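Q: pasting the structure only:
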């Protein structure tokens, strides 16, 4: 993934680019992020098109540098493809509002949006819990 050639392809990527450039205040960024659509890779043990054997999705969790857990999210399914190639079974996933993902994320879990790309963010578990409550 060549991070220097990141071209925004959707509203969320434009928002991330503007936020990282300092073009919008962080509170405005967070408000807009809450309603943005994100892609969450989900483990599919049985890869049969249109058939899900489990009622509970198994999202992709990564280890953070401090030993914690991070839920991997992406700004689009296309952005996820190169990254999840290293995680067999996570080729599929679901699109949802970021706020819904926050509400479903357990305590003690952080979030990383667009891991492997220069344009993305990482949120500590405390930030995730704070946003989920508001």
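A: Here it is on my side, so go on. Every value quoted in this text rests on a predicted model; they were computed, and no experiment measured them. Residues are numbered from 1 along each chain as shown.
Q: tell me what residue 72 is bridged to.
A: Note on residue 72: beta-bridge partners residue 112, judged by DSSP bridges.
Q: I'd guessed it sits against residue 116; true?
A: No. Assessed by Cβ atoms under 8 Å, residue 72 is found out of contact with residue 116, at 9.4 Å. Where C-beta positions appear, they are placed from N, C-alpha and C, glycine not excepted.
Q: so for the two, which sits in the more crowded spot?
A: residue 72 (23 against 16; other Cβ atoms under 10 Å).
Q: from residue 27, how far out is that one?
A: The spacing between residue 72 and residue 27, counted by Cβ to Cβ, to the nearest Å, is 25 Å.
Q: residue 82: neighbour count?
A: By the criterion of other Cβ under 10 Å, residue 82 has 11 neighbours.
Q: so who does the most centrally placed residue in the chain touch?
A: Residue closest to the mean C-alpha point of the chain, counted by Cα atoms, centre = their mean, is residue 73 at 1.5 Å. Under the criterion of Cβ atoms under 8 Å, 6 or more residues apart in numbering, the contact partners of residue 73 comprise 38-40, 98, 101, 111-114.
Q: same thing but 10 Å
A: Contacts of residue 73 were listed using Cβ atoms under 10 Å, 6 or more residues apart in numbering, and they are 38-41, 59-60, 79-80, 93, 96, 98, 101, 105, 111-115, 120-121, 123.
Q: check what pLDDT it gets.
A: With respect to pLDDT, residue 73 has a value of 98.
Q: swap in residue 64?
A: The per-residue pLDDT reported for residue 64 equals 89.
Q: host element of the closest residue to residue 37 other than its chain neighbours?
A: The shortest distance from residue 37 to any residue that is not its chain neighbour, by Cβ to Cβ, 6 or more residues apart in numbering, is 5.5 Å, and that residue is residue 95. Taking DSSP states H and E as the definition, residue 95 sits inside strand 93-97.
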